[in-house]
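Chemist: attaching a predicted model along with its sequence, questions to come.
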Amino acid sequence: MRLRGISKSFDGTTVFSGLDLDLRAGEVLVLLGENGAGKSTIKNILSGIVAPDAGTIEFDGQAEASWSQSRAAELGVAAIHQELSLFPNLSVAENVLIRELSRSSVGPVSRRRLVREAAALFRDLLGVDLDVTRPVESLSLGQRQVVEIVKAVRMASSVLILDEPTTSLSMHDREQLFRVIGRLRAEGFAIVHVTHFLDEVAAVGDRVAIMRDGAIVAQAAAGELSAAQIEQHMIGREVAAVARERANDRPAEGPVALEVAGLDDGERVRDVSFSVRRGEILGLAGLTGAGRTEVLHAIVGLRPALGDVAVAGVPYRARRLAESKRRGLVLVSEDRRLEQAFLQRPIAENVTAPWLSRVFRRGGWLDRRRERAFAGALVDEFDVRYDSLDSPIASLSGGNQQKVILARWISSDPEVVLLDEPTKGIDVGARAQIQERVFRLAARGAAIVVVSSDLPELMSLSDRILVMQRGRVTAAFAREEFDPAAILRAASGAGESGAAA
């Protein structure tokens, strides 16, 4: 597939102009760039969702006179989108085989056949036994991402475009996906892999294309560019590794700020106990479905569970979100777009929504000037790319939406911070910025619990790591004991190691 002279603008804002790109059979092209660089727009043009304003699209050497989503599907072009495109009320099998449902014009659909074929796909592609009769809305975000992957692979026959497919996957699921990509490459697929993880260039890539400000600024064979060179092309400067002077930036051992004892919901959380001290960062590791997200939800009251929670030594029994905020306990959700963003409301309102007392004046009137000043300072601090604070947050790229939500919660100077995949879908520059902000929160004495499927990131952030498997804490590691292989073994059940939680 070939793009030549492609230009695209939205509402008078040019995304790119005169862009050229080649996709080659039997090759994985890794597409890198900061949030807002234009990667998702390229994905949408390739898959026919968005029409270019100018330029030509060729497939197998023939110019396509009318490029559309139906034409792309006809030619076997499929995409895994960063924002999942599943029907939550339908089963896994129905989502994966949705085309078969639409083509069934004679007679009823055989549910038994759907279930059998969908289950076989998960086993053959990923080696996963998933209950394909479950509705998608009952799955975790990581499991939904796996369903999206299988659905797209099922639809593709020539070109597969993956937009941040690993952001919600555990290390184990990520390795499974990489094996699928290798198999499809060997079968002659042209694959575009959009990612923020630089290590994935070497893991799956044959060639890398780097975007900045709507242009492809560098292309090279995988391995020709170092991580520092890639970063420099992406953001115009080299990103220094986030360093932390652990002896000076926080108390060596503060008092316990969060204590969890016997937390149990009878399903996804099983007798979980741990404590976190002021100034400490505790990491939760585990495979998809291990129960990490559910633990955070149970702590703040989003998920009913038995057990005891204490904040700063005070029992927290009637757990509710409003009360959690009052106690200085905040959660940044994994699925921020669905759970924490008001998509059609302005950026300014999204930032200030939990803190209206700061932007109201006497008499109960909203002070728009104060609201804009407060919101503007925060989004600028987090380097959010936006046109206007009055623009809906839905107008931002996925990574920039996430930065708005992070700015909203982290800026409140909380006592306890629960971060669920805090850098998911965020580019390398913003990732370093978020990590530094987490360190600064800990240095000021906040207790922090981090869930991350990026094990190297979790190890760099955490003072201790607890490993979860099937809803239980199965191992604990002090910082001097961190070992990726041992943590993965504990997460998969292949071995148990570490100290007590």
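Modeler: Sure, I can see it.

Chemist: just the strands from the stretch 101-250 of the chain, written as ranges.
Modeler: 159-163, 190-194, 207-212, 215-221 (DSSP state E, counting those that start in this stretch).

Chemist: make a markdown table from those strands and add mean neighbour count to it.
Modeler: C-beta here means a position set from N, CA and C on the backbone, and glycine is covered the same way. Below are the strands of the stretch 101-250 of the chain laid out as a markdown table (neighbours: other CB atoms under 10 Å):
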| stretch | mean neighbour count |
| --- | --- |
| strand 159-163 | 25 |
| strand 190-194 | 24 |
| strand 207-212 | 22 |
| strand 215-221 | 16 |
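
Chemist: in JSON lines: those strands, plus mean pLDDT and distance to Glu294.
Modeler: Compiled in JSON lines, the strands of the stretch 101-250 of the chain are given as follows (pLDDT from 0 to 100; distance: least, CB to CB, whole Å):
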{"stretch": "strand 159-163", "mean pLDDT": "93", "distance to Glu294": "27"}
{"stretch": "strand 190-194", "mean pLDDT": "95", "distance to Glu294": "29"}
{"stretch": "strand 207-212", "mean pLDDT": "92", "distance to Glu294": "37"}
{"stretch": "strand 215-221", "mean pLDDT": "92", "distance to Glu294": "41"}
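
Chemist: okay, those in JSON lines with distance to Arg437 next?
Modeler: As requested, the strands of the stretch 101-250 of the chain are arranged in JSON lines below (distance: least, CB to CB, whole Å):
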{"stretch": "strand 159-163", "distance to Arg437": "26"}
{"stretch": "strand 190-194", "distance to Arg437": "25"}
{"stretch": "strand 207-212", "distance to Arg437": "24"}
{"stretch": "strand 215-221", "distance to Arg437": "28"}
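
Chemist: surely Ile465 forms part of a strand?
Modeler: Yes - checked against DSSP: H, G, I helix; E, B strand; the rest coil, Ile465 lies within a strand.

Chemist: which helix or strand contains the spatially closest residue to it that is not a sequence neighbour?
Modeler: Leaving out its chain neighbours, the residue that sits closest to Ile465 by CB to CB, 6 or more residues apart in numbering is Gly283, at 4.2 Å. Applying DSSP states H and E as the criterion places Gly283 in strand 281-286.

Chemist: which parts of this structure belong to which domain?
Modeler: 2-235, 256-492 (automatic domain parsing).

Chemist: which strands or helices does the following helix or strand past the strand holding Gly283 pack on?
Modeler: Next helix or strand after strand 281-286 toward the C-terminus (DSSP H and E): helix 292-300. Judged by 3 or more CB pairs under 8 Å, 6 or more residues apart in numbering; DSSP states H and E, the packing partners of helix 292-300 are strand 256-264, strand 281-286, strand 329-332, strand 416-420, strand 447-451.

Chemist: and the fourth one with strand 256-264, angle?
Modeler: For strand 416-420 against strand 256-264, the angle between stretch directions is 50 degrees (axes from the mean of the first three to the mean of the last three CA atoms, to 10 degrees).

Chemist: what about strand 416-420, average pLDDT?
Modeler: Across strand 416-420, the average pLDDT comes to 94.

Chemist: I'd like the numbering to begin with 813 instead of 1 from here.
Modeler: Renumbered: residue one is now 813, and that last one reads strand 1228-1232.
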